[in-house]
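In: I would like the atomic coordinates for the input below:
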Amino acid sequence: MNRKEFVGEIAKKRGMSKTQAYRAVNAVMDTLRLVMMQGESVEIGGFGTFLVMTDLKGERIPTFSGGRTLRRVINTLNTMEDEH
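Out: Residues are numbered from 1 along each chain as shown. Just a heads-up that it's a prediction; the model follows:
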């Protein structure tokens, strides 16, 4: 799913225009970028944590660690698909 499709899904699920959904997605992404540029992590309960790691060369690398709830949901969906 690309960004445009993602925005469309949010608009449909939330009953908002695609423009409103686009602005909301951009606000979240911009905030994540700004916080991570400062070297801070962002923890979203039930989803996961966005982290900034530093490699051996000193380069900062953005990473994501999926939370327990997200992993459980994803694995439940995979199990259901395997049964069909």
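In: identify the residues contacting the top helix by length along the chain?
Out: Secondary structure of the chain read by DSSP state H shows that its longest helix is helix 18-37. Residues from elsewhere that reach helix 18-37 (Cβ atoms under 8 Å, 6 or more residues apart in numbering): 3, 6, 7, 8, 10, 11, 14, 16, 42, 50, 52, 62. The C-beta positions use only the backbone N, C-alpha and C, and glycine is treated the same way.
In: tell me the mean pLDDT for stretch 60-71?
Out: The pLDDT scores in stretch 60-71 average 95.
In: mind listing residues that contact it?
Out: Under Cβ under 8 Å, 6+ apart, the answer for stretch 60-71 is 36, 39, 44-55, 74.
In: mind checking which of the residues you listed are in helices?
Out: Residues of the contacts of stretch 60-71 located in helices (DSSP H): 36, 74.
In: okay, and which of the contacts of stretch 60-71 map to strands?
Out: Here DSSP state E is the test, and the contacts of stretch 60-71 give 44, 48, 49, 50, 51, 52, 53, 54 as lying in strands.
In: ok, now which ones touch the fourth one?
Out: Shown in contact with residue 50 (Cβ under 8 Å, 6+ apart): 32, 36, 41, 42, 43, 44, 62, 63, 64.
In: filter the residues you listed to the buried ones?
Out: Among the contacts of residue 50, the ones that count as buried by 16 or more other Cβ atoms under 10 Å are 36, 42.
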